[in-house]
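Asks: Show me how the following folds:
(one chain, ligands or ions: 1)
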Amino acid sequence: MIIGHLPAGYVVSRIVFPRYEARGVAWKPFLWAGLLGSLAPDFDMLYFHLVDHRRHHHHTYWSHFPIVWACLLALSTVWLYAARVKNRAALAFLFSLNGFIHLILDSIVGDIWWFAPFGSRPFAFFTVAARYKPWWLNFIFHWSFALEIAIILWAAWLWRCNRNLTHLKPSLSSYPQAGCVDANGEMD
Ligand SMILES: [Zn+2]
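Replies: Here you go, the predicted model:
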């Protein structure tokens, strides 16, 4: 996945948030944690370019190992259920959840070493044929790019419908739901 990670992080944050709002979790830090988690595995691109000088696929770094994100998700889930004050645990949980989802999305057409460091075989749901140069054109002309566009449109719809609502009823701007709400706060 090339451009869908950040909007996917936004969509997941919006879907999960209503569960935690009632427990005193604020939307803005929650969203920041979600967006950061959705991009976090790809921060290894800095190492890839600046230190490794593009010698290894960046999906072979520990930052793209599913076991790392599964452990973070498990630990943050335990923290979330154990904590009396949920704020920080909810942020850690969402960060880890979006990091793990990042790997699932990467795995649609990109190799992810799902059993690393114990196994050395990568897995991708679909293979993109290398027909064009530069390499990213192959992904843009592949059908899976429509999925990325769909995620972007979903995120834009969620963002826009509640943004419009702010003009009608400002108090609702602090209550972002998984879907659109009307001026009375009812779900469409
Ligand atoms: Zn990635």
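
Asks: List the buried residues of the least confident helix or strand in the chain by mean pLDDT.
Replies: Ranked by mean pLDDT, DSSP states H and E, the weakest helix or strand in the chain is helix 145-168, scoring a mean of 82. Buried positions in helix 145-168, judged by neighbour count with 16 or more other Cβ atoms under 10 Å: 145, 147-148, 151-152, 154-155, 158, 161-162, 165. In this view, the C-beta of every residue, glycine as well, is placed from N, C-alpha and C.

Asks: what sits against residue 147?
Replies: Applying Cβ atoms under 8 Å, 6 or more residues apart in numbering to residue 147 gives the contacts 4, 108.

Asks: next one: phi and psi at the nearest residue to residue 116 once chain neighbours are set aside?
Replies: Leaving out its chain neighbours, the residue that sits closest to residue 116 by Cβ to Cβ, 6 or more residues apart in numbering is residue 65, at 4.8 Å. Residue 65 adopts backbone torsions of phi -80, psi 120, taken as degrees, to the nearest 10.

Asks: Next, count neighbours for residue 65.
Replies: The number of residues packed around residue 65, counting by other Cβ atoms under 10 Å, is 21.

Asks: Do I have it right that it meets residue 117?
Replies: Yes: applying Cβ atoms under 8 Å, one finds residue 65 in contact with residue 117, separated by 6.7 Å.

Asks: The spatially closest residue to residue 5 that is not a sequence neighbour: how many residues sit nearby?
Replies: Spatial nearest neighbour of residue 5, chain neighbours left out: residue 38 (4.9 Å); criterion: Cβ to Cβ, 6+ apart. By other Cβ under 10 Å, the residues close to residue 38 number 27.

Asks: contacting residues for residue 38?
Replies: 5-6, 8-10, 12, 98-99, 101-102.

Asks: mind running it again at 10 Å?
Replies: 4-13, 94-95, 97-99, 101-102, 105 (Cβ atoms under 10 Å, 6 or more residues apart in numbering).

Asks: Now residue 21, what are its backbone angles?
Replies: Dihedral angles of residue 21 (phi, psi; degrees, to the nearest 10) stand at phi -60, psi -40.

Asks: Would you mind measuring from it to the ion?
Replies: Separation of residue 21 from the ion (Cβ to the ion, to the nearest Å): 29 Å.

Asks: Sketch out the low-pLDDT regions of the chain for me.
Replies: Counting by pLDDT under 70, the chain shows low-confidence ranges at 163-188.

Asks: if we can go back for a sec, any idea how far the least confident helix or strand of the chain is from the chain center?
Replies: Relative to the centre of its chain, helix 145-168 is centred 15 Å away, using Cα atoms, centre = their mean, to the nearest Å.

Asks: try stretch 90-100
Replies: 9 Å.

Asks: what does stretch 136-154 give?
Replies: How far stretch 136-154 lies from its chain's middle: 16 Å, per Cα atoms, centre = their mean.
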